[in-house]
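S.K.: okay, predicted coordinates and the sequence, questions at the end:
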Amino acid sequence: MDIEKNPYRADFPLLAGHPDIAFLDSAATAQRPAAVLDAQRRFYETMNANPLRGLYSLSVEATAAIAAVRAQVAELIGAPDARDVVFTRNTSESLNLVAKSFSPAVLKPGDEVAITVMEHHSNLIPWQQACRAAGARLVYLYPQQDGTLTDEEIAAKVGPRTKIVACAHVSNVMGCELPVRRLADAVHAHGGHLVVDAAQSVPHMPVDVAALGADFLAFSGHKALGPMGVGVLWGRHELLDAMEPMLTGGEMIDSVREQDATWAPVPEKFEAGTQDAAGIYATGAALAYLTETVGYAAVAEREAALVAYAWERLAGLGFVDLIGPADPARHHGVISFNVRGVHPHDVASILDASGVCIRAGHHCAQPLLAWLGVENLACCRASLAFYNDKSDVDRLVDGLTQVWGIFHGND
């Protein structure tokens, strides 16, 4: 794979217009291709009306456009029915919706919710609160230092009291894929349910809810080339149908009386108020670009080559400590590291002066960094996407060498 050439950069206006930027923070939010920006503008210019709320042609067209994206998302993740795709603001809201609306029906005192210590706070704090409200216990599964979650650990932590397992598909810090199917089989064997955070997997690989054994799955549009402010929650229909809505108000009702109301069917029941219709429409364009214009096979091949090259170059820097699996093939776009003796915030600030954009901090994964023993509960993270190239990695390495020189001279 030739990573010196970059056939994609020109499709991304920010990258094309700023050749001085090496953007290495796609795990936080992806760049947007022109096709997505054009789609969002096209919605406002040609069909700007509230979906579902009008009988005039603009509203009907907007309604059809959103329905088409809902069907597109269902096809993308292998969902059998588009009605079970709920639009939210982001992965965080989707996971909160499950924790607040589903867990009260299944959790009682003495029950357990199992999560991994690798979870993003968005898939951790909601379960803390759900367990506290129900008198249930939050149980942690701990991987080995390379991110491997063993069968023994799964068997020890997922048992008869486990009503819910919630896990990331791909860790946003270690970059490795979790054994989601094995977790699904383990919790289903005891009559429990599996919740999957796919925020870091949908941008990089095909995702199929049936193959994963998921009962719920969530992801964000903005990490998959779409606009900010659009998230997805998929759930098995019978579970969504039995759940209470988290938000109430306009458009999520069938009828309202002075003292009570009847909810609309799924998915409208969970989509109170005016949705970001233009954002949803543009998310459809983003997913089309990702899966059709580029294609997951090309994404995987290019990102694997980029990560392998970055890992090799970073490993060659004697002052850099790498985090996660030693095999770069297990890193889905994400490489976390620290410069020995230099705070990650200082690293990121100095790199920024050279136009290199990385993430520094706890990455909303403080329990993981504490368990790994990472100093200051902070690390640097370079996250690569198919629109990066060899020069981006080289600029990162050159910048880190500069960082080391600033703090340690030429020693």
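M.R.: Perfect, I can see it now.
S.K.: residue 276 contacts residue 229, doesn't it?
M.R.: Yes: the pair residue 276 / residue 229 is scored as a contact, 5.0 Å apart, by C-beta atoms under 8 Å. Every C-beta, even on glycine, is put in place using the N, C-alpha and C of the backbone.
S.K.: so what sits against both of the two?
M.R.: residue 89 (C-beta atoms under 8 Å, 6 or more residues apart in numbering).
S.K.: spatially nearest residue to residue 308 (excluding sequence neighbours)?
M.R.: residue 328 (4.6 Å; C-beta to C-beta, 6 or more residues apart in numbering).
S.K.: got the confidence number for that neighbour?
M.R.: Listed pLDDT for residue 328 reads 97.
S.K.: and it, how many neighbours?
M.R.: Neighbourhood size, residue 328 [other C-beta atoms under 10 Å]: 21.
S.K.: next one: the one 10 residues further on
M.R.: Look at residue 338: counted by other C-beta under 10 Å, it has 21 neighbours.
S.K.: try residue 333
M.R.: 27.
S.K.: residues contacting it?
M.R.: 26, 27, 175, 200, 203, 204, 303, 307, 383, 384, 385.
S.K.: could you export these as CSV, including secondary structure and neighbour count?
M.R.: What follows is the contacts of residue 333, written out as CSV (DSSP: H, G, I helix; E, B strand; the rest coil; neighbours: other C-beta atoms under 10 Å):
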residue, secondary structure, neighbour count
26, coil, 26
27, coil, 28
175, coil, 26
200, coil, 27
203, coil, 30
204, coil, 27
303, helix, 25
307, helix, 24
383, strand, 30
384, coil, 31
385, coil, 24
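S.K.: and which of those residues is nearest residue 215?
M.R.: For the contacts of residue 333, the minimum distance to residue 215 (C-beta to C-beta) is 19.4 Å, reached by residue 200.
S.K.: how about the closest one, nearest residue that isn't a chain neighbour?
M.R.: Nearest non-adjacent residue to residue 200 (C-beta to C-beta, 6+ apart): residue 170, at 4.0 Å.
S.K.: ok, the one you found touching residue 325?
M.R.: No: distance between residue 170 and residue 325: 11.9 Å, which falls outside the contact criterion (C-beta under 8 Å).
S.K.: what helices or strands is whichever strand or helix holds residue 233 leaning on?
M.R.: Assigned by DSSP states H and E, residue 233 falls within strand 231-235. Secondary-structure packing of strand 231-235 (3 or more C-beta pairs under 8 Å, 6 or more residues apart in numbering; DSSP states H and E): helix 57-77, strand 85-88, helix 91-101, strand 216-220.
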